[in-house]
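In: Kindly generate the corresponding structure for this input.
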Amino acid sequence: MGEDAAAQEAVEPVSEVVSDDERARGELLSKKRAAYSFPQFFCLLNLGLILTAVALVLFKTPNHLAFGGTTGFAILLNAALPALSVSVYMWILNAVLVALGFAFLDRKAVLWSAFASFALSGYTSLFEWLFPVTGSITGDLWLDVCFAVLLPAVGSAIVFDIGASTGGTDILAMILRKRTDIQIGRALFAVDVAVVVAAIGLFGARVGLYCVLALIGKTFVVDGFIESIRQRKVCQVICSHPREVEEFIVKKLGRTATVQLGWGAYSGKRVVILTSVLSRREAMRLRLFVRAQDPSAFITIVSSSEIVGRGFRGVN
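Out: From the prediction side, this is the model:
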């Protein structure tokens, strides 16, 4: 009895940690989705899925580029059992994963992932019908690999940035996160590696090694595009006409600024420091305006990949 009680006490905190992590993740995704209106969210989600489906039909499937996810499994199954198309296998795999999601997860948590899974399958079926490609459309495998990585990376970056997912194995990750203490990143990476190893066995070393490169490149490209989407410019301005610059930021750019008083160490004069966070285009307009008003103005512009606050992201 003592050992059982001790074991139960040891398990209960783990389940609490998992549920807290799940709630925190759900709140984060909800906040991201809240930053967009429903039409914006829906259009961006579908744009990301369309880019992923185009890459699958035009570049991945004809070259047997299987490097992870349900798309990789579908390509392997199509090669082993060609009686069914890649899109049909995707429908089957996604239907199984969605059924598991509804069985083991809260329905609200899995709803958008279920939509994304079936929408991606639907777009794949549509593009297979519109573009019945059976071989490389460029004749250059390396070029096909680049676009097989680039297009889904852009699509995934768009989808992840709005707080959604492309479905598929993401549902499996949610189940594992809730029901086990397995490290999800390693588990999904192990699945991707298994797909690549199977690709080497089915399609040979040349295609398999391209799949390895694609798997490695995918991570860096997705991260790079996400940072690019979120990138903003933190601008600091010290000039002789701070009031005009402040009015330009508020009235012309529709932004705000933080106004601080400083002291020039060399000149010994009091100065006004304006700090504002802007988009790239707005930062360019600000720079041109300040230079026109005061050619001797001191301007610093720094890139930031994550801005949290009103007018940007993460506000309740």
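In: any low-confidence regions in the stretch 151-300 of the chain?
Out: For the stretch 151-300 of the chain, the stretches with pLDDT under 70 are 182-185, 226, 229-230.
In: can you give me the strands in it?
Out: Assigned by DSSP state E, counting those that start in this stretch, the stretch 151-300 of the chain shows strands spanning 232-238, 258-263, 270-278, 298-304.
In: Can you report how many residues lie near the residue lying closest to Thr134 once chain neighbours are set aside?
Out: Leaving aside its sequence neighbours, Thr134 sits nearest to Pro62 (Cβ to Cβ, 6 or more residues apart in numbering; 6.4 Å). Where you see a C-beta, it was placed from the backbone N, CA and C, and this is true even at glycine. Residues lying near Pro62 (other Cβ atoms under 10 Å) number 18.
In: tell me which residues in the helix or strand harbouring Ile92 are buried?
Out: Assigned by DSSP states H and E, Ile92 belongs to helix 86-104. Within helix 86-104, the residues that count as buried by 16 or more other Cβ atoms under 10 Å are 86-94, 97-98, 101.
In: What of stretch 291-306?
Out: In stretch 291-306, counting by 16+ other Cβ under 10 Å, buried: 293-294, 297, 299.
In: Endpoint to endpoint, stretch 257-273 covers what distance?
Out: Start-to-end span of stretch 257-273 (Cα to Cα, to the nearest Å) is 10 Å.
In: Show residues contacting it.
Out: Residues from elsewhere that reach stretch 257-273, judged by Cβ atoms under 8 Å, 6 or more residues apart in numbering: 236-238, 242, 246, 249-250, 274-276.
In: which of those lies closest to Ala199?
Out: Ser276 (49.4 Å; Cβ to Cβ).
In: The spatially closest residue to the closest one that is not a sequence neighbour and Phe289: what is the separation?
Out: Among residues not flanking Ser276 along the chain, Ala257 sits closest, at 4.0 Å (Cβ to Cβ, 6+ apart). For Ala257, the distance to Phe289 (Cβ to Cβ, to the nearest Å) stands at 13 Å.
In: Which one's more surrounded, the two?
Out: Ala257 (22 against 18).
In: show me where the stretch 201-316 of the chain has helices.
Out: Using DSSP state H, counting those that start in this stretch, the helices of the stretch 201-316 of the chain run over 205-230, 242-247, 280-293.
In: What helices and strands are in contact with the second one?
Out: Spelled out, that is helix 242-247. strand 270-278, helix 280-293 (3 or more Cβ pairs under 8 Å, 6 or more residues apart in numbering; DSSP states H and E).
In: Now do the same contact list for Val154.
Out: Applying Cβ under 8 Å, 6+ apart, we find Val154 in contact with 48, 51, 225.
In: top of those residues by neighbour count?
Out: Result: Gly48 is most packed of the contacts of Val154 (other Cβ under 10 Å), 25 neighbours.
In: buried sites along the helix or strand hosting Lys108?
Out: Element membership of Lys108, judged by DSSP H and E, is helix 107-130. Under the neighbour-count criterion of 16+ other Cβ under 10 Å, helix 107-130 has 109-110, 112-121, 123-125, 127-128 buried.
In: quick one, it and helix 86-104 angle?
Out: On the basis of axes from the mean of the first three to the mean of the last three Cα atoms, to 10 degrees, helix 107-130 is oriented at 170 degrees to helix 86-104.
In: If we ignore the residues flanking it in sequence, what's nearest Leu209?
Out: Take Leu209 and drop its neighbours on the chain: the residue closest to it by Cβ to Cβ, 6+ apart is Ile200, 7.4 Å away.
In: Check Val234 too.
Out: Nearest non-adjacent residue to Val234, counting by Cβ to Cβ, 6+ apart: Val302, 4.7 Å away.
In: now Gly201
Out: Nearest residue to Gly201, sequence neighbours excluded (Cβ to Cβ, 6+ apart): Gly208, at 7.6 Å.
In: again, but for Val222
Out: In space, Val222 is closest to Ala153, 4.7 Å off (Cβ to Cβ, 6+ apart).
In: which intervals of the stretch 1-150 of the chain have sub-threshold pLDDT?
Out: Using pLDDT under 70, the stretch 1-150 of the chain drops low at 1-36, 109.
In: ok, 90 please
Out: Applying pLDDT under 90 to the stretch 1-150 of the chain flags the ranges 1-42, 64-72, 79-80, 83, 97-114, 116-117, 132-141.
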